[in-house]
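Engineer: How does the following fold in three dimensions:
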Amino acid sequence: MVTPDDISLYDPSRWLEPGKGPRYLQLYRMISEAIRTGQLPEATQLPAERQLAEQTGVSRVTVRKAVRLLAEEGLLEQRHGAGSFVRAAAPRLQQSLSSLVSFSENLRERGQRAGSVVLERGLFTPNNEEILALGLSPASRVARIKRLRSADDVPMAIEASSLPEDILPHPERVATSLYDVLRAGGRAPTRAIQRVTAVNLASAEADHLRMKTGDAVLLIERTAYLAHGRPIEFTRGLYRSDIYDFVSELRLDNMA
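Structural biologist: All right, here's what the predicted structure looks like:
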C-alpha cells in the first residue's frame, strides 16, 4: 500500500532538476540516498513500475533503467513476480592507512572483484605538481593513468596516478593493478605519505561515481617512495565516503 509519505518521497519537484544529468540517473540518486538515510528501510517494497512512473513523472523506461542500476549496485533485490525490495545494508569497505596496498589488492583480500575503466592513459610532459612531487625536470616525461575503480561493478573511486617514465615506460600495460605491474618490474614502492581531506565533487566526477554534483567524498593524495628514498608515484584519489572507510592504527610511543 502506498502511503502519503511514499508519494511525497517520489514527487519530482523534490529531486528532478534541469541540467543535473539524465532523468534515470537523478531518480537512481534519489532512491539510493533514501535507502542510505533510512527513508526506505530494509525490506521496503518499491511501487510497481507503472505506479513509480506515475509518482515520479517520468517514463517507465526511465524507471526501469534506474531500478536496474540500483539492483546492479546491490541496493535493491528484484524478486520475480513480486517486485523490487530494499536489500540489507552492505558492510562498508575499509582500507588501512597504515598498509601500502593497492585498491585491487585490498579487494582481492576481501573476496571482491576489482574493476577499472581507463579515463586517461599515456606519456605526457609533467605539470608543476608532478615535477615537485616526483623530482622531475620540465624536459622529462611522466606516465599518467586515470581510472574509475569499482568493486563488484559498483563505482567506488577515481584514481589518477603519475609516475616517472623510467618507472612506468608502458602505461598501456596497466590493466587492473598498477602495483602488480610495478612489482613485476622490481619497481614497487616500499613506503608512502598520504594526506586525507574532504572535497565536493565536480559534475563529471559525480557522473562517474553515480553521485550528485557537490556531494562530499574523501580525497587521498599519496606520494610513494622506493627503499632508497626516490619518489616514484603520485596519486590523487576520490573515494565515495558513503561506502568507503579509511582506518589507521595508533600506538602510544615508548616513554623514557
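
Engineer: For the closest residue in space to S59 that isn't next to it in sequence, which residues are in contact?
Structural biologist: With sequence-adjacent residues excluded and distances taken as CB to CB, 6 or more residues apart in numbering, S59 is closest to A53, at 6.2 Å. C-beta coordinates here come from the backbone N, C-alpha and C atoms, glycine included. By CB atoms under 8 Å, 6 or more residues apart in numbering, the contact set of A53 is 59-60, 62-63.

Engineer: cool, T197 as well?
Structural biologist: For T197, the contacting residues are 218-219, 221, by CB under 8 Å, 6+ apart.

Engineer: next one: L136
Structural biologist: 126, 130, 142, 164.

Engineer: which one of those is nearest P12?
Structural biologist: Nearest to P12 out of these is E130 (CB to CB; 44.6 Å).

Engineer: Check the gap between that closest one and L218 for me.
Structural biologist: E130 sits 22 Å away from L218, going by CB to CB, to the nearest Å.

Engineer: now swap in E42 and tell me
Structural biologist: According to CB to CB, E42 and L218 sit 26 Å apart.

Engineer: pLDDT weak spots in this structure?
Structural biologist: The model of the chain has pLDDT under 70 over residues 1-7, 88-102, 104-111, 244-256.

Engineer: How is it divided into domains?
Structural biologist: 4-86, 93-247 (automatic domain parsing).

Engineer: if we can go back for a sec, how about the contacts of T197 in a markdown table, adding distance to I35?
Structural biologist: A markdown table is the format used below for the contacts of T197 (distance: CB to CB, whole Å):
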| residue | distance to I35 |
| --- | --- |
| L218 | 21 |
| L219 | 25 |
| E221 | 31 |
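
Engineer: What are the boundaries of the helices in the stretch 1-150 of the chain?
Structural biologist: In the stretch 1-150 of the chain, the helices defined using DSSP state H, counting those that start in this stretch lie at 4-10, 23-36, 49-56, 60-72, 103-109, 128-134.

Engineer: what is the orientation angle of the second one with helix 49-56?
Structural biologist: Right, helix 23-36. 90 degrees (axes from the mean of the first three to the mean of the last three CA atoms, to 10 degrees).

Engineer: From the rest of the structure, what touches helix 23-36?
Structural biologist: Under the criterion CB under 8 Å, 6+ apart, residues 9-10, 14-17, 20, 39-40, 46, 56, 58, 62-63, 65-66, 69-70, 73, 75, 86, 89, 207, 210-212, 242 lie in contact with helix 23-36.
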